[in-house]
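**Student:** Sequence plus predicted model, see below.
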Number of protein chains: 2
Amino acid sequence: MSVVQMVKIVGLGAVALTLSVEWLGWLFCRLWPRKISRGPLKEVFFFPTEVACTERLFTPDSPFPCPCPLPHNVNTSFTRLLGHILSASSSLDLCVFAFTNLDLSRAVLALHTRGISIRILTDMDYTLITGSQIGAIRRAGICVRCDSGAVHMHHKFAVVDGRRLITGSLNWTLTAIQSNKENILVTEEPDLVLPFITEFKRLWDVNDPARRHLPSIAEKTASLVL
Amino acid sequence: MSVVQMVKIVGLGAVALTLSVEWLGWLFCRLWPRKISRGPLKEVFFFPTEVACTERLFTPDSPFPCPCPLPHNVNTSFTRLLGHILSASSSLDLCVFAFTNLDLSRAVLALHTRGISIRILTDMDYTLITGSQIGAIRRAGICVRCDSGAVHMHHKFAVVDGRRLITGSLNWTLTAIQSNKENILVTEEPDLVLPFITEFKRLWDVNDPARRHLPSIAEKTASLVL
């Protein structure tokens, strides 16, 4: 067989292979659309969720079983949410209106102990509600900034490791998790995550206390004139 | 040129074309990742938004310019949200905690006039707040169901035409749109939209007034025994 014939046969084989793979892929997508992995992480959880023990998420290496009376090893919307937060390996940026939930506060403190960089932005008025965890979090040395405007800082989103967005209607409160009808959406889709990262940075800078208390150049000039 | 030669040339041409398209696509993705459309619609809007005239969205074919003093032809988070709602061509399923915004109410009524199928699920307590639009919407003949549980139906999502999800922290109120810090995420990503469609159907069925007032089989049996 000559070299030219070989080239032609290999060429035709490549056409057949390429087109077959393309067409088989298309056919598979049409027949079993749900079985194809559709890129970045995308999950939705709804609340209220049943109450289950979360101890295993905080102490996964403990050799002792948890003695509490709650159901164990149950996968609920809340344990999945908690799992996403505890999965942080470098940073957690949290922008939340109300924060009273003890398990979520414990998760944030655990991340802080592990050396994860944490920034929390919250509504000033809602740091004063009964059971607010913001005081305990601040006392642990975590950086918290408050939006003290006349209106609400009503966001409820978090960005884990600069790539995983957790957002929805759910405030970080016990009522929201165990009683209300709520939703949480978790995604690593860059088109959805990046705008939240930018907005967090903007709000974080706007609510810098140093910036708020420093007189502006205009104010300084006015005081000099006066 | 013989037929066999023609087939071979066409075959080799097809190889070259297929592989070139594949490789060029890959190269383009690597060089300009942001310029490639990444599948289904994905948008994020933040609030508060500047106030702008929305008249053109309701009367796009009007030959007369709007005489109101607000800025015109301005693209804000709110006009984009309104645009997504008014884009409905077959259905709107809305699950919202508080609904007082007049523009959003006008949009819902406009869709109803156009024959769009509308279902609204809301929190019973919040239908009683000042400025609630639920009464006006019901009077127009739109089907509304209320969650009358002791806790909040705190969702703020809508599904347009069974494929476009609008969700976030934003209630459908003037304060949320013009004052609060809020977010809205709009997507047609099936993995995110489908769970919300299922949850809407579940909540819609659970809050069917006919179902609530009909005694269950257990209750009927008990009354027969008694």
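**Tutor:** Structure received.
**Student:** which residues in chain A form strands?
**Tutor:** Using DSSP state E, the strands assigned to chain A run over residues A:42-47, A:91-96, A:117-123, A:143-147, A:156-160, A:164-168, A:182-187.
**Student:** What number of residues are in the vicinity of residue A:106?
**Tutor:** Residue A:106 sits with 17 neighbouring residues when counted by other CB atoms under 10 Å in any protein chain shown. For the C-beta atoms, the positions are set from N, CA and C on the backbone; glycine is no exception.
**Student:** same check, this time on the one 5 residues further on
**Tutor:** Under the neighbour criterion other CB under 10 Å, residue A:111 is assigned a count of 21.
**Student:** can you check residue A:89 too?
**Tutor:** Neighbour number of residue A:89 under other CB under 10 Å is 10.
**Student:** Longest helix in chain A, please.
**Tutor:** In terms of residue count, the longest helix belonging to chain A (DSSP state H) is helix A:3-31.
**Student:** Give me the distance between that one and the centre of its chain.
**Tutor:** 42 Å (CA atoms, centre = their mean, to the nearest Å).
**Student:** average model confidence for it?
**Tutor:** Mean per-residue pLDDT for helix A:3-31: 77.
**Student:** Can that helix be said to contact chain B?
**Tutor:** Yes - using CB under 8 Å from any CB of the partner chain, helix A:3-31 reaches chain B at A:8, A:11, A:12, A:14, A:15, A:18, A:19, A:22.
**Student:** Show me what that helix is packed against.
**Tutor:** helix B:3-31 (3 or more CB pairs under 8 Å, 6 or more residues apart in numbering or on different chains; DSSP states H and E).
**Student:** of the residues of helix A:3-31 next to chain B, closest to residue B:173?
**Tutor:** Proximity of the residues of helix A:3-31 next to chain B to residue B:173 (CB to CB) peaks at residue A:22, which lies at 49.6 Å.
**Student:** And for the closest one, the neighbour number?
**Tutor:** 12.
**Student:** One more: residue A:19?
**Tutor:** 13.
**Student:** ok, the residue lying closest to residue A:74 once chain neighbours are set aside - contacts?
**Tutor:** In this structure, residue A:74 finds its nearest non-sequential neighbour in residue A:52, 4.0 Å apart by CB to CB, 6 or more residues apart in numbering or on different chains. Counting by CB atoms under 8 Å, 6 or more residues apart in numbering or on different chains, residue A:52 makes contact with A:70, A:71, A:72, A:74, A:76, A:78, A:79.
**Student:** Of those, which is the most crowded?
**Tutor:** If you rank the contacts of residue A:52 by neighbour count (other CB under 10 Å), residue A:78 sits at the top with 25 neighbours.
**Student:** separation between the residue lying closest to that residue once chain neighbours are set aside and residue A:81?
**Tutor:** Closest residue to residue A:78 apart from its sequence neighbours, by CB to CB, 6+ apart: residue A:49 at 4.5 Å. Noted for residue A:49: a distance of 9 Å to residue A:81, by CB to CB, to the nearest Å.
**Student:** between these two, which one's more packed in?
**Tutor:** residue A:81 (25 against 17).
**Student:** Please tell me the pLDDT value assigned to that one.
**Tutor:** pLDDT at residue A:81 comes out at 97.
**Student:** on that earlier part again, between the contacts of residue A:52, which is closest to residue A:201?
**Tutor:** residue A:78 (28.5 Å).
**Student:** could you check the distance from the closest one over to residue A:182?
**Tutor:** 11 Å.
**Student:** which neighbours do these two share?
**Tutor:** residue A:47.
**Student:** Now residue A:60: phi and psi?
**Tutor:** phi -70, psi -20 (degrees, to the nearest 10).
**Student:** Just the pLDDT at it, thanks.
**Tutor:** Per the predicted model, pLDDT is 91 at residue A:60.
**Student:** Can you tell me, leaving aside adjacent residues, what's nearest to the spatially most central residue of chain A?
**Tutor:** In chain A, the residue lying closest to the centroid (CA atoms, centre = their mean) is residue A:166, at 3.2 Å. Leaving out its chain neighbours, the residue that sits closest to residue A:166 by CB to CB, 6+ apart is residue A:158, at 4.5 Å.
**Student:** ok, now residue A:73?
**Tutor:** residue A:56 (6.9 Å).
**Student:** Surely that neighbour and residue A:72 touch.
**Tutor:** Yes - counting by CB atoms under 8 Å, residue A:72 is a contact partner of residue A:56 at 7.0 Å.
**Student:** Need the overlap of contacts for these two.
**Tutor:** In contact with both residue A:56 and residue A:72: residue A:66, using CB under 8 Å, 6+ apart.
**Student:** Now do the contacts for residue A:54.
**Tutor:** Here residue A:54 is in contact with A:78, A:79, A:82, A:103 (CB under 8 Å, 6+ apart).
**Student:** and what of residue A:168?
**Tutor:** A:156, A:157, A:182, A:183, A:184, A:185, B:167, B:168, B:169.
**Student:** and the nearest residue to residue A:143 once chain neighbours are set aside, how many neighbours?
**Tutor:** Leaving out its chain neighbours, the residue that sits closest to residue A:143 by CB to CB, 6+ apart is residue A:119, at 5.5 Å. Using other CB under 10 Å, residue A:119 has 17 other residues around it.
**Student:** Same question for the one 4 residues further on.
**Tutor:** Counted with other CB under 10 Å, residues neighbouring residue A:123 total 25.
**Student:** Not counting sequence-adjacent ones, nearest residue to it?
**Tutor:** residue A:153 (4.2 Å).
**Student:** Could you give the number of residues near that neighbour?
**Tutor:** Residue A:153 has 24 nearby residues by other CB under 10 Å.
**Student:** Okay, and the beta partners of it?
**Tutor:** Per DSSP bridges, the residues bridged to residue A:153 are residue B:181.
**Student:** so who does it touch?
**Tutor:** A:95, A:97, A:121, A:122, A:123, A:124, A:147, A:203, B:180, B:181.
**Student:** for residue A:94, same thing?
**Tutor:** Going by CB under 8 Å, 6+ apart, residue A:94 touches A:108, A:118, A:119, A:120, A:121, A:157, A:158.
**Student:** just residue A:141 next, same as before
**Tutor:** residue A:112.
**Student:** Relative to chain B, how far out is the residue nearest to residue A:73?
**Tutor:** As for residue A:56, its distance to chain B is 25 Å (criterion: CB to the nearest CB, to the nearest Å).
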